[in-house]
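> Structure, please.
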Amino acid sequence: IGESTNGAEAVEAYKNNKADIVTLDITMPVMDGIQALKKLLAYDPNVKVIMITAAGQQSKLIEALKIGAKKFITKPFEKEEIIKNVDVVMREY
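A predicted model of the protein is given here:
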């Protein structure tokens, strides 16, 4: 398990640790979640990514799902929502 402060760090962390699942916020400094998702998929087409988004970012969320994100979680979120989405992604993808 790791944590990154921006999208570029998230991509490097994945390359170094190969996490089973990655969560990316759509809005991040240096490299946003969409850019990070593209880089992760270029590096590993099988990466399992769940996007995290605030209300009002629907167009970016749709773009992320079209690019290859598996699921999304909307802020503010409940613990149960996170668990449910992680379970679905791990079982189905």
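
> helices and strands around the longest helix along the chain, which ones?
Longest helix in the chain, counting residues (DSSP state H): helix 79-92. On a contact count with 3 or more Cβ pairs under 8 Å, 6 or more residues apart in numbering; DSSP states H and E, helix 79-92 meets strand 49-53, strand 71-74. Using the backbone N, CA and C atoms, a C-beta is placed for each residue, glycine as well.

> And that helix, what's buried?
Residues of helix 79-92 classed as buried by neighbour count (16 or more other Cβ atoms under 10 Å): 85-86, 89.

> tell me which of those residues is nearest to Val49?
Nearest to Val49 among those, counting by Cβ to Cβ, is Val89 at 8.4 Å.

> List the contacts of the closest one.
Counting by Cβ atoms under 8 Å, 6 or more residues apart in numbering, Val89 touches 21, 48, 50, 70-71.

> repeat for Ala36
7-8, 10-11, 24, 28.

> mind putting those residues in TSV, secondary structure, distance to Gln35 and pLDDT included?
TSV is the format used below for the contacts of Ala36 (DSSP: H, G, I helix; E, B strand; the rest coil; distance: Cβ to Cβ, whole Å; pLDDT from 0 to 100):
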residue	secondary structure	distance to Gln35	pLDDT
Gly7	helix	6	94
Ala8	helix	9	95
Ala10	helix	10	95
Val11	helix	9	96
Leu24	strand	10	94
Met28	coil	9	89
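
> ok so, going back, I'd like the buried residues of helix 79-92 as JSON lines, with distance to Glu3 and pLDDT appended.
As requested, the buried residues of helix 79-92 are exported to JSON lines (distance: Cβ to Cβ, whole Å; pLDDT from 0 to 100):
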{"residue": "Asn85", "distance to Glu3": "18", "pLDDT": "94"}
{"residue": "Val86", "distance to Glu3": "16", "pLDDT": "94"}
{"residue": "Val89", "distance to Glu3": "19", "pLDDT": "95"}
